[in-house]
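Peer 1: need a 3D model of the following:
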Amino acid sequence: MTAQQPVPKISLDQLRLEIKKEYTNVALDPNKGYHFHTGRRLASLLGYDEKLYADLPESNIASFAGTGNPFSVGALNPGETIVDVGSGAGFDSLIASRLVGASGRVIGFDMTAEMLNKARAGAAAMGATNVEFREGLAESLPLPDNYADAVISNGVLNLTLDKTATLREWLRVLKPGGRLQAGDILVEHAVPASAMDDISLWTG
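Peer 2: This is a model prediction of the structure:
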């Protein structure tokens, strides 16, 4: 028997607006102080090997705001095609571009214009021609079926209302045998309806 996913009483449009506001701030003012960690300190807390991001522009590191380490789940290999869902300032995508090499490809999707601008500037500064950043939603990726060798994501699934539908979308773009390497937030106990309906708890 499959358990039904609770559906919060939150407008999808309003949720996306609030998320955009929060991460626009993280892009423009990463050192402001948020209810979540950011930047180098966060990367260290999440166990990233510093060698992975040693050559990334500091601005892309500063606006990193993930919740896990998708590279701890498994390797990305030269020549692979990687999709980064909710790529933010490009921290994970830029790391992935180094791992897959010139024969590979990375596409990062985000819905926040300021994050996309920062990610693109970082790729240009690195001369990373095998990575691109596109506007897109986690629940509706503008990609064909069976496209990616791996989908990576970091702190994005928890921001979506319908997680089952979102995971189905990520599965759709994976090639047969492809991998999902995600870092995210897990809870050990059921979340009360009052908390699920509080939009301020959804934005980070």
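
Peer 1: center of the chain - which residue?
Peer 2: Nearest to the geometric centre of the chain sits Gly86, at 3.3 Å (CA atoms, centre = their mean).

Peer 1: quick one, phi psi at that residue?
Peer 2: phi 80, psi 60 (degrees, to the nearest 10).

Peer 1: from what I can see it touches Asp110, true?
Peer 2: Yes. Using CB atoms under 8 Å, Gly86 is in contact with Asp110, at 6.0 Å. Just so you know, the C-beta spots here come from the backbone N, C-alpha and C atoms, and that holds for glycine as well.

Peer 1: any stretches of this structure with poor pLDDT?
Peer 2: 1-8, 185-204 (pLDDT under 70).

Peer 1: swap in 90 and give it another go.
Peer 2: 1-15, 18, 33-35, 158, 161, 184-204 (pLDDT under 90).

Peer 1: tell me the contacts of the residue nearest to the centre of the chain?
Peer 2: Gly86 is in contact with 109-110, 138, 153-156, 159, counting by CB atoms under 8 Å, 6 or more residues apart in numbering.

Peer 1: the closest residue to it other than its chain neighbours: neighbour count?
Peer 2: Spatial nearest neighbour of Gly86, chain neighbours left out: Val156 (3.2 Å); criterion: CB to CB, 6 or more residues apart in numbering. The tally of other residues near Val156 (other CB atoms under 10 Å) stands at 24.
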